[in-house]
Each structure stands twice: as structure tokens, then as C-alpha cells.
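> Give the three-dimensional model of this entry:
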Amino acid sequence: MNVVTPKRFTIDEYHRLIELEFLKESDRIELIRGELIEMVAKGTPHTFCTTRLCRQLDRLLGDRVVVRCQEPIILPSDSEPEPDVAIARGNETDYLPHHPYPEDIFLVIEISDSTLNYDQTTKLEIYAEAGIADYWIVNLNVRQLERYSQPYQNAQGEFNYLSKQISLPHQSVAIPGFEDVLLDLSRIFPTVVGRANASKLLLITTRVKNKPKNQDFGFNYFLSPKAIA
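Okay, here's the model as predicted:
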């Protein structure tokens, strides 16, 4: 029986595919352990959180670092992921010749909803293997920040982080490498209607009087008095 082996690419080969326009920015591809992985489309909460987080980090850290949002970093395992946020030392011109290497990076952040399992396993492993000292996951599903630190390799050769800390939206956390700078998490999590109130959200379909047969229904959204009591 013939066994089909997937093609694995080095980082140089991957860059060559981009130069030759076999891969384009619109393809939404990242290189993970030599494989071309299609990135999941981002929903509104994810986009909102990314925008708010990048803005807050820029405001807090200013010219002390480079805050890169959804831009590539280069890892030694034939990986070139595009984390939602990476805080790198130096300034923008330092990364004209190449993307940041692990030794350039203070912190990597992934914002997770549908990709949570992938970010907690595959992404976590490649960041730990690369020696990224601090890795955060903004877990939108349960509205908490997962902070991983102290990468290590166990006896089975698997990579992970020794320390995992959970922070909630009402808390503030220090940014690794800049312990004097606190990030207010309430400024980055999307505001949502509480679960109890969300169940009382009513969708009322109203038909416009004398509407033509081919006219669509209109939709009105409102909270019942009990929902906001």
C-alpha cells in the first residue's frame, strides 16, 4: 500500500512560496511545524478584543516595545505563526530584515473562542518549545485570561508551561518584562449581556401594514422590563 506523506516546508521554502505569489495575504495561512494551516475566520468579539488589546498595550508601553498585532513571528520548529498579539523588544525597523525571533519576544497573546483547544495545545506547545517565556490566552468563552509561564520539556519530550494563572475581567495584571505597567482587563473583554438577562432578550417580528408580498419582515430588538430590572 502506498502511504501519502504530507509535504512539509521549511521557513525558507514558505517564504519562497510567498515571494512567488503561490500564497497571498488573503489566503490566511500560517506555517505550523512545516505544515500550511488555514486560519479560522475571526468573529466580531475576537476582532473587538484584538483591537482593544492592541490599543491598550500601545498606550501603556509606547515606544518601549513593538506591539505587533496578527503579524508573523519565526520559531525554530519550522513554524511561522501569526499570534493575535506579540510584544517584541526594539523598534519597527529592527524587523525589516526578518520577523521577530523567540529571543526578541516578551509576550505572545492568542485571543480564543472557537480556536481555544488549538491555542491550549498546539500553539502552547510550539511557543513553549521555542522558549517563549510568557504566553497568554484571552479566553472569550469563559471570560478569563490564562497566563502561562516557565516553559519546560518533560521526560516524554513534550513541551508545556510549569505555571498557569487565571485572571478575571475585573482584575489588572502586570505585563511581563514591564512589572511597573498594569493592564486593566476590563478594558479588553467585550461587554456582554449576562446569561440570565440574555435569556429574556425578546425578538419581535412585526409585519409592516399593507406591505407588498415581496417585502421582507422587519425586526425589532428590545429587552423586556424584567430583563433590565
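
> in this protein, which spans are strands?
29-32, 35-38, 66-69, 85-88, 105-112, 134-139, 144-153, 159-167, 172-175, 178-184, 201-206, 218-223 (DSSP state E).

> Quick check: which of those is nearest to Thr51?
Ranking the strands of the chain by proximity to Thr51 (Cβ to Cβ) places strand 66-69 first, at 8.2 Å. (Each C-beta comes from the backbone N, C-alpha and C, glycine too.)

> what's the burial count for Leu23?
Neighbour count for Leu23, taken as other Cβ atoms under 10 Å: 17.

> measure it to Lys123 for me?
Going from Leu23 to Lys123 by Cβ to Cβ, to the nearest Å gives 20 Å.

> what's the answer for Leu36, then?
The value you get for Leu36 to Lys123, if Cβ to Cβ is used, is 16 Å.

> Val138 versus Arg52, what's the distance?
Distance, Arg52 to Val138, by Cβ to Cβ: 10 Å.

> Also Leu116?
Distance from Leu116 to Val138, by Cβ to Cβ: 10 Å.

> between those two, who's got more neighbours?
Between Leu116 and Val138, Val138 has the larger neighbour count (other Cβ under 10 Å), namely 23 against 17.

> Pretty sure the more buried one sits against Ile166.
No - using Cβ atoms under 8 Å, Val138 is not in contact with Ile166; the gap is 11.8 Å.

> okay, and the common contacts of these two?
Leu145 (Cβ atoms under 8 Å, 6 or more residues apart in numbering).

> Which segments of this protein make up each domain?
What the record gives for the chain is the domain set 41-187, 195-228, from automatic domain parsing.

> Let's have the ones you listed in CSV, adding distance to Thr10 and mean pLDDT.
Compiled in CSV, the domains of the chain are given as follows (distance: least, Cβ to Cβ, whole Å; pLDDT from 0 to 100):
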stretch, distance to Thr10, mean pLDDT
domain 41-187, 6, 96
domain 195-228, 47, 40
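
> Quick check: which of these is nearest to Arg28?
Closest among those, using Cβ to Cβ: domain 41-187, at 7.7 Å.

> start to end distance for the closest one?
This stretch, domain 41-187, spans 23 Å end to end (Cα to Cα, to the nearest Å).

> Check stretch 69-84 too.
OK, stretch 69-84 end separation, Cα to Cα: 5 Å.

> Any idea how far that stretch is from the middle of the chain?
12 Å (Cα atoms, centre = their mean, to the nearest Å).

> mind listing what's buried in it?
Under the neighbour-count criterion of 16 or more other Cβ atoms under 10 Å, stretch 69-84 has 69, 71-75, 78-84 buried.

> same question, stretch 15-32
Here stretch 15-32 shows 15, 17, 23, 29-32 as buried, counting by 16+ other Cβ under 10 Å.

> Give me the residues contacting that stretch.
Residues outside stretch 15-32 that contact it (Cβ under 8 Å, 6+ apart) are 9, 11, 14, 36-39, 41, 72, 78-82, 122, 126.

> gap between Gly90 and Asp104?
7 Å.

> When those two are compared, which one has more neighbours?
Taking neighbours as other Cβ under 10 Å, Gly90 and Asp104 compare with Asp104 leading, 19 against 12.
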